[in-house]
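Chemist: pasting a predicted model and its sequence here:
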Protein chains: 2
Amino acid sequence: MTILRISLLAAVAALAYGQERAAVETWVASHQRRIMGEFDELLRIPNVGTDRANIRRNAEFIRGLLERHGMQAELLETAGNPLVYAERNVPGAARTVLYYIHYDGQPVDLSRWKTDPFRPVMRDGAWDIAGWAALEKFPDDWRIYARSASDDKAPIVAFCAAMDALEGKFASNIHVVIDGEEEMGSPSLTAAIGRYRDKLKASLLLILDGPVHPNGRPTLAFGARGIVTLDLTVYGPKMALHSGHYGNWIPNPAIRLAQLLASMKDEQGRTTIEGFYADVPALTAEERRVLRSVPDDEPALLKLFGVAKPDAVGESLQEALQFPSLNVRGMRSGYVDEPRTIIPTEATAAIDMRLVKETPAARMVERVRAHIEKQGYHVSESEPDDATRLKYPKVARLKAGETMEAYRTEPESAEAMRVTLALTRMWGAEPVRIRTMGGTVPIAPFIRELGVPAVGVPIVNFDNNQHSDNENLRVGNLWSGIVTLAATMGM
Amino acid sequence: MTILRISLLAAVAALAYGQERAAVETWVASHQRRIMGEFDELLRIPNVGTDRANIRRNAEFIRGLLERHGMQAELLETAGNPLVYAERNVPGAARTVLYYIHYDGQPVDLSRWKTDPFRPVMRDGAWDIAGWAALEKFPDDWRIYARSASDDKAPIVAFCAAMDALEGKFASNIHVVIDGEEEMGSPSLTAAIGRYRDKLKASLLLILDGPVHPNGRPTLAFGARGIVTLDLTVYGPKMALHSGHYGNWIPNPAIRLAQLLASMKDEQGRTTIEGFYADVPALTAEERRVLRSVPDDEPALLKLFGVAKPDAVGESLQEALQFPSLNVRGMRSGYVDEPRTIIPTEATAAIDMRLVKETPAARMVERVRAHIEKQGYHVSESEPDDATRLKYPKVARLKAGETMEAYRTEPESAEAMRVTLALTRMWGAEPVRIRTMGGTVPIAPFIRELGVPAVGVPIVNFDNNQHSDNENLRVGNLWSGIVTLAATMGM
């Protein structure tokens, strides 16, 4: 039935295709210079989150920008950097779409930037386009280099342009909240909900952040995995012992840790901890279809990474990301480079578990703890004292660290389908639908606390050097991003 | 039958007990001041192996000392520091006993020494005994603090005193070779055999080095384990990957290494690599008796180390040391302290295998390699190239490093029994018989190359801070050591 529904959507979209998109693209083509001028101005204001003076300059500039584009805008003060908030309401509209963007950027390591991160340059391949601000047209494959060109100022400018392009033909109230601390983990955002609950109420939250799928097609993201980190330490003798004098007699904690970790995964990379996948419902046929429709080039990725065969948690990368994972991000014991032949005193594995919506952190940590206990370990959160060491043959310490829960808006839910339909109509093809992004996003607690359906609408190119030096935006992604955002405003 | 033989020895010993020992002890009692004076003089010559000038002063002094004690002595030049060599032959003797001692010492970290390591002080508990060189008697529990007080100058002085105490009543020719590079791994010793083969020929080699058993009783050591180190690396993706984006899909090398190490040992610490113990014959009843007779205080050791339960390779520490071992001395992958949530590119285990006489290094390395291959790995000695990574799902690098073979003179062999009998006669009780020392000694290749039965005759206290700061000798061990060495000269 759902397959039929999607086919129907595609048919409807095909009928409408052409007119709406042509209108927006025509508008964009004749306004490139103005849009690029605004973008250039915005990128010139340094936006590292700790640079309080410039952060406020960004916020004030954006408030003015939103007002010039027909919104009622204000700064919402928080415990940290201010949020920029704006509304454009439609008389009689039953729905409100709240957009989330952020204006702060990652810190910059000047020694690694080819040009000043806050003096945008335009490049065609390796060459600087001199005097580009005065041009009328900017080809799709040129790139603009500046901090936050992609992450996350392009969506601010595209959002404004999309409103202009639609010329007021909004189907819902348009609200926007622009975060000033995303790259610091959005510490003030969730707390601000209590203070500004009325302003943040919405039927749907659209998150304008992150890149589109590597193949460049319009993309929607319906969820992201959460994370909880764990430090697991297994104890050996109290002092490092001579491996000759005591090897074969005093247990080796590195071997013990290896045995413990080995007991947690099978040969195919599937976690063998009891109940690890138990709460995740089997994927439906339609869900599998959506996952399969993501145009990942898996052979190319494997070649790039130098990996002959992937783990078999799912049938594909996208399927694997629908499940919680257990990753050993680090392991340490004794001496590797120094020629010291000892039995180490302890061995530690630094673990991160990625979570999905159905597997909250506390429950998963408890499952890991239960598994370790089932392997015969005495488990505590602190270092064992002498009495504990002498009482239990196997002693481990398990300590949970950073935690962020997952979120997911079902791709088949009404609001998610509404956005999918809007993009399908506008582009004449179904967007890439990412059911669950593998990584963790700091907006997750905001979404969960707000209790509203949320969909990610990324617009920038995937190879944008986000968080790194020489961040850039492919110009064509700005233009197509305006089209995509206009689609979301007309629904 | 062997048990009968030992019982007979004990009976014979009991008959003789008293007279011989009393004679030596009486001699020692009246010569303490002279012995201590020689010891003091010898300890004042700095003996770090790289200090060529002082090393030669040591060698010259010891040559003179041996001559003053009735031997024909000379320096044997080598590629490194000279050997001191001396003979005292007995007309008509059919046998020659060659003693091995060493005169070089470990480097000193002056900041950690309470007093100058080359200005010996005598202490009774925490107090310096002023003017001790002029005393006539030195109680057993006093200690002399100096570099090489125990390792290995005490045996040089004890050896000279024992010859005097016996007043020429030698049963065999007495030869001695004193190494000047033991703490550097005796790099010139084995090579010197070719040049000085006639001088080094002997019926029996007695090694005067290392401490007696912690319980203080006279001790003989019949072998030592060898060692081969291995670095084992398992490969993941070519670059560290985001554990969110790729966790559950790209295999994790730390988990893979854990599974590989886990496949090498069972829960009781026994190695499960095929053939690992296959070449080691089962212990005979008599061998087990000898091992059981070693007065290890296992509960005290376990308490000291904070370990509730030992591994089960043998029934006891001594039995465990009769087998090769596989020890993970270090393990490293990714990041433990830094909060980086990645799939690491590789994971490495630094391994040392202790060897016994029946398990030469090359064969054991081959067994480990075969085991890894059996787990489905492509194994090479170098880092994999791109083609290798893409061809084989599981890729490992195995590289053998430092190697030293084991040695063992069967405790039941004629020469070993001869030394055991001599000590049993002298002391009226069987010595502690260590069939195999767990650690590795650099004299092993010398013994193997010389092809002569070898027995270790340690005399110093086990708590002597050997190789560390504030090295010391318990005075009583010098006196009892003279008695023990006299026993070996009278056989």
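Modeler: Received the coordinates, thanks. Residues are numbered from 1 along each chain as shown, chains lettered A, B, ... in the order given.
Chemist: name the nearest residue to A:Asp116, sequence neighbours excluded.
Modeler: Leaving aside its sequence neighbours, A:Asp116 sits nearest to A:Leu110 (Cβ to Cβ, 6 or more residues apart in numbering or on different chains; 7.9 Å). C-beta here means a position set from N, CA and C on the backbone, and glycine is covered the same way.
Chemist: then A:Trp479?
Modeler: For A:Trp479, the spatially nearest residue (Cβ to Cβ, 6+ apart) is A:Val28, at 5.3 Å.
Chemist: who are the contact partners of that neighbour?
Modeler: A:35, A:161, A:165, A:479, A:482-483 (Cβ atoms under 8 Å, 6 or more residues apart in numbering or on different chains).
Chemist: quick check: next helix or strand after the lengthiest helix in chain A?
Modeler: Using DSSP state H to define each element, chain A has its longest helix at helix A:19-43. Using DSSP states H and E, the helix or strand that follows helix A:19-43 towards the C-terminus is helix A:52-68.
Chemist: give me the pLDDT value at the residue of the stretch 1-150 of chain A found nearest chain B.
Modeler: Using Cβ to the nearest Cβ, the closest approach of the stretch 1-150 of chain A to chain B is made by A:Gln106 at 15.2 Å. On the pLDDT scale, A:Gln106 is placed at 92.
Chemist: burial count for it?
Modeler: 20 (other Cβ atoms under 10 Å in any protein chain shown).
Chemist: thought it was touching A:Glu182?
Modeler: No. Look at A:Gln106 against A:Glu182 with Cβ atoms under 8 Å: they stay out of range, at 9.7 Å.
Chemist: residue farthest from the centroid of chain A?
Modeler: Computed with Cα atoms, centre = their mean, the residue of chain A farthest from its C-alpha average is A:His245, at 51.8 Å.
Chemist: what residues does that one make contact with?
Modeler: Contacts for A:His245 were tallied using Cβ under 8 Å, 6+ apart; they are B:437-439.
Chemist: list the buried residues of the host helix or strand of it.
Modeler: Secondary-structure element containing A:His245, defined by DSSP H and E: helix A:243-246. The neighbour-count check on helix A:243-246 (16 or more other Cβ atoms under 10 Å in any protein chain shown) flags A:243-246 as buried.
Chemist: pretty sure A:Ala59 contacts A:Glu77?
Modeler: No. If you go by Cβ under 8 Å, A:Ala59 and A:Glu77 don't touch, sitting 10.0 Å apart.
Chemist: next up, the contacts around the residue of the stretch 301-450 of chain A found nearest chain B.
Modeler: Among the residues of the stretch 301-450 of chain A, A:Gly439 lies closest to chain B, at 3.2 Å counting by Cβ to the nearest Cβ. Residues near A:Gly439 by Cβ under 8 Å, 6+ apart: A:224-225, B:242, B:244-245.
Chemist: how about the residues you listed, which pair is most distant?
Modeler: A:Ala224 and B:His242 (12.3 Å; Cβ to Cβ).
Chemist: the more surrounded of the two?
Modeler: A side-by-side neighbour count of A:Ala224 and B:His242, using other Cβ under 10 Å, places A:Ala224 first with 32 against 16.
Chemist: specify the beta-bridge partners of that one.
Modeler: A:Tyr407, A:Met437 (DSSP bridges).
Chemist: for it, list the residues it contacts.
Modeler: A:406-408, A:436-441, A:444, A:456.
Chemist: in a markdown table: these, plus pLDDT and distance to A:Ala191.
Modeler: Supplementary listing: those in a markdown table, determined by pLDDT from 0 to 100; distance: Cβ to Cβ, whole Å:
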| residue | pLDDT | distance to A:Ala191 |
| --- | --- | --- |
| A:Ala406 | 95 | 20 |
| A:Tyr407 | 94 | 18 |
| A:Arg408 | 96 | 23 |
| A:Thr436 | 96 | 26 |
| A:Met437 | 94 | 24 |
| A:Gly438 | 93 | 27 |
| A:Gly439 | 90 | 23 |
| A:Thr440 | 90 | 19 |
| A:Val441 | 88 | 17 |
| A:Ala444 | 90 | 15 |
| A:Gly456 | 97 | 22 |
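Chemist: show me what the helix or strand that contains A:Val379 pairs with in its sheet, parallel or antiparallel.
Modeler: Secondary structure from DSSP H and E places A:Val379 in strand A:378-380. Strand A:378-380 sits in its sheet next to strand A:395-404 (parallel), going by DSSP bridges.
Chemist: what does the strand it pairs with rub up against?
Modeler: Contacts for strand A:395-404 (Cβ under 8 Å, 6+ apart): A:226-235, A:260, A:361, A:365, A:368-369, A:372, A:377-384, A:388-389, A:440, A:442, A:444-445, B:339.
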